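Engineer: Fold the following and give me the result.
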Amino acid sequence: MDKLDVVVVGGGLAGLSAAYRLAAAGRQVVVLERGDAPGSKNVTGGRIYVQPIREFLPEIVADAPFERHVVREVLTVMDDDASAQMEYGHGKWRSEPHMSYTVLRARFDRWFSEKVMEKGAFVIPGRRVDDLLWEDGRVAGVVAGGEEIPAHIVIAADGALSFMAEKAGLRTPLKPENYALAIKEVYRIDPAAIEDRFGLGQGEGAANLFMGSVTRGMFGGGFLYTNQDSLSVGIVLGMRSQIDARPQVESHELMDAFTARPEVARWIKGAQLEEYSAHIISEAGAKGMPALCTGGMLVAGDAAGFSLNMGVTVRGMEFAIASGVLAAEAANKALDKGDASKESLSLYERLLKESFAMKDMETFRHSREVLENPRLFTVYPKFICSLLEEIFTITEKPKPGLYGSAKKAAKKYLLNWEGFKDFLTLRKM
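Structural biologist: Numbers count the residues shown, from 1 in each chain. Presented below is the predicted three-dimensional model:
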């Protein structure tokens, strides 16, 4: 078999973006996806911020089958039997260009793969890549289903566990604390009911993040996104937290408890559960990123650790698209020169450092360190809910002043040595 220009391993957003850009440049590209179809194995919340990537793939962003543009941000803090909710919206979010959209990856990725094939690339599902080919110390293709597929360049976009990056020696297996388990349910519901329940206009959406007792003190949280005719509901749990938790708790039990809470049940009442899925996602941040290139190979998307948990926002899809496009640009220039050496492909790293992707990853490189603090999921939700209980509860006893109520709650939960250390840690973000 003659050498292909590029073999892309993985048909997610990073892989499809790379293939799209390379095929548009006239390169011979094959995408190998182990799932039944692109998007079939993706479990995203999901929400994509499109402003940063309009310049990377403007025609894709303009025509993509997104679900709803988000006009309302909701943060729900939950204690065992209490909760507090904060909403924020801005009029400019209702006007184009919209900042972000909800998305169903099974639908979006299939559409994207069709656009990739229209450009001339081949997207082959149901094809698992088992190994790499080597030639003169460089990656020179892949082995899939026992068949050798030689290529000048391989782009590994095979997800958070990225066995290709491991086989290329670009990273060692990550530790449990660098991963999280994401569980998602999709509920079918009439669009009009979504708009009525959430107070939205036609085509408008809401994003709700949950923190506190939903994870029983473990690192993680919950989410709810409004799609066109469905709701995506789920939780994310840090794997190290699950391993260390005492007593042990099954993740599906936490998911059932989450959807049974009044704060969630009110939204999905009468809706039909149509999909249940789970997936491993990266929580490593900038500190856990592998080397991104070697001779004959580049690493993009989740495989490169491009996932960023900022506490109140969780990002990944725009990083995947940007890294895929930049990997394609580096690969294309290397092919022009006939040089797929590590030195030539290192252009990819330089392009990333100049982009929003690496800059944001670096800005929030300490975010995981901050968010791993178990007090964020226990003490602070209790403080918020206790403070509001003091303020809103009226009994037969004389009512203390608001300052006194706040001081009482703060003294119990915040004004101590642990609270001071939390403040010092928070400054890193």
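
Engineer: Residue 342 against residue 294, yeah?
Structural biologist: Yes. At 5.3 Å, residue 342 and residue 294 qualify as touching, with contact defined as C-beta atoms under 8 Å. C-betas here are computed from N, CA, C, even on glycine.

Engineer: neighbour count winner among these two?
Structural biologist: Taking neighbours as other C-beta atoms under 10 Å, residue 342 and residue 294 compare with residue 294 leading, 20 against 14.

Engineer: Was I right to think that one contacts residue 169?
Structural biologist: Yes. Between residue 294 and residue 169 there is a contact under C-beta under 8 Å: 7.2 Å.

Engineer: In stretch 90-97, which residues are buried?
Structural biologist: For stretch 90-97, the neighbour count (16 or more other C-beta atoms under 10 Å) marks residue 93 as buried.

Engineer: hmm, who's touching that stretch?
Structural biologist: For stretch 90-97, the external contacting residues (C-beta atoms under 8 Å, 6 or more residues apart in numbering) are 50, 51, 54, 69, 70, 71, 99, 201, 204.

Engineer: Tell me the one of these nearest residue 131?
Structural biologist: Residue 131 has its nearest neighbour among the contacts of stretch 90-97 in residue 50, at 36.2 Å by C-beta to C-beta.

Engineer: The closest one: neighbouring residues, count only.
Structural biologist: Residue 50 has 22 nearby residues by other C-beta under 10 Å.

Engineer: Let me see the contact set for the most centrally placed residue in the chain.
Structural biologist: Geometric centre of the chain, nearest residue: residue 316, 3.9 Å, by C-alpha atoms, centre = their mean. Residue 316 makes contact with 44, 281, 302, 306, 307, 308, according to C-beta under 8 Å, 6+ apart.

Engineer: Next: residue 309.
Structural biologist: Neighbours of residue 309 in contact, by C-beta under 8 Å, 6+ apart: 283, 285, 367, 368, 371.

Engineer: which residues touch the first one?
Structural biologist: What it means is residue 283. Contacts of residue 283 by C-beta under 8 Å, 6+ apart are 177, 178, 179, 180, 219, 238, 307, 309, 368.

Engineer: repeat that for 6 Å
Structural biologist: 178, 180, 368 (C-beta atoms under 6 Å, 6 or more residues apart in numbering).

Engineer: Return the subset of these lying in strands.
Structural biologist: residue 180 (DSSP state E).

Engineer: Model confidence for residue 429, exactly?
Structural biologist: Listed pLDDT for residue 429 reads 59.

Engineer: Tell me where the model's unsure across the stretch 151-300 of the chain.
Structural biologist: Along the stretch 151-300 of the chain, no part satisfies pLDDT under 70.

Engineer: quick one, helices of it?
Structural biologist: 163-167, 191-198, 239-244, 251-260, 262-268 (DSSP state H, counting those that start in this stretch).

Engineer: The stretch 1-150 of the chain now?
Structural biologist: Counting by DSSP H, counting those that start in this stretch, the helices of the stretch 1-150 of the chain are 13-24, 58-63, 105-118.

Engineer: can you redo those helices as JSON lines with mean neighbour count and distance to residue 215?
Structural biologist: Output for the helices of the stretch 1-150 of the chain, formatted as JSON lines (neighbours: other C-beta atoms under 10 Å; distance: least, C-beta to C-beta, whole Å):
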{"stretch": "helix 13-24", "mean neighbour count": "29", "distance to residue 215": "27"}
{"stretch": "helix 58-63", "mean neighbour count": "14", "distance to residue 215": "33"}
{"stretch": "helix 105-118", "mean neighbour count": "20", "distance to residue 215": "24"}
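
Engineer: Out of those, which is closest to residue 392?
Structural biologist: helix 105-118 (40.8 Å).

Engineer: quick one: the closest one to helix 13-24, angle?
Structural biologist: Interaxial angle, helix 105-118 versus helix 13-24 (axes from the mean of the first three to the mean of the last three C-alpha atoms, to 10 degrees): 20 degrees.

Engineer: How far off centre is helix 105-118?
Structural biologist: 19 Å (C-alpha atoms, centre = their mean, to the nearest Å).

Engineer: Tabulate the CA atom coordinates of that helix in CSV.
Structural biologist: Coordinates of each C-alpha in helix 105-118 appear next as CSV, following Å, rounded to 0.1, in the frame of the first residue of the first chain:
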residue,chain,number,x,y,z
ARG,A,105,-22.3,15.2,19.5
ALA,A,106,-23.9,12.1,17.8
ARG,A,107,-25.8,14.5,15.5
PHE,A,108,-23.1,17.1,15.1
ASP,A,109,-20.2,14.7,14.5
ARG,A,110,-22.1,12.8,11.8
TRP,A,111,-22.9,16.0,10.0
PHE,A,112,-19.2,17.1,10.4
SER,A,113,-17.9,13.8,9.0
GLU,A,114,-20.1,14.3,5.9
LYS,A,115,-18.5,17.7,5.4
VAL,A,116,-15.1,16.1,5.8
MET,A,117,-15.9,13.5,3.1
GLU,A,118,-17.3,16.2,0.8
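
Engineer: isn't residue 101 right next to residue 71, touching?
Structural biologist: No. With contact defined as C-beta atoms under 6 Å, residue 101 does not count as touching residue 71 (10.7 Å).

Engineer: Not counting sequence-adjacent ones, nearest residue to residue 34?
Structural biologist: residue 128 (4.1 Å; C-beta to C-beta, 6 or more residues apart in numbering).

Engineer: measure that neighbour to residue 321 for me?
Structural biologist: 24 Å (C-beta to C-beta, to the nearest Å).

Engineer: more neighbours, those two?
Structural biologist: residue 321 (30 against 13).

Engineer: Tell me the spacing between the more buried one and residue 24.
Structural biologist: 14 Å.

Engineer: what's the answer for residue 7, then?
Structural biologist: 17 Å.

Engineer: ok so, going back, how about a markdown table for the helices of the stretch 1-150 of the chain, with mean pLDDT and distance to residue 189 added?
Structural biologist: Formatted as a markdown table, the helices of the stretch 1-150 of the chain follow (pLDDT from 0 to 100; distance: least, C-beta to C-beta, whole Å):
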| stretch | mean pLDDT | distance to residue 189 |
| --- | --- | --- |
| helix 13-24 | 97 | 26 |
| helix 58-63 | 96 | 26 |
| helix 105-118 | 95 | 16 |
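
Engineer: Switch those helices over to TSV; also include distance to residue 154.
Structural biologist: Converted to TSV, these look like this (distance: least, C-beta to C-beta, whole Å):
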stretch	distance to residue 154
helix 13-24	11
helix 58-63	23
helix 105-118	17
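
Engineer: Longest helix of the chain, counting residues only.
Structural biologist: helix 317-337 (DSSP state H).

Engineer: Would you mark the buried spots in that helix?
Structural biologist: Quick answer for helix 317-337 (16+ other C-beta under 10 Å): 317-335.
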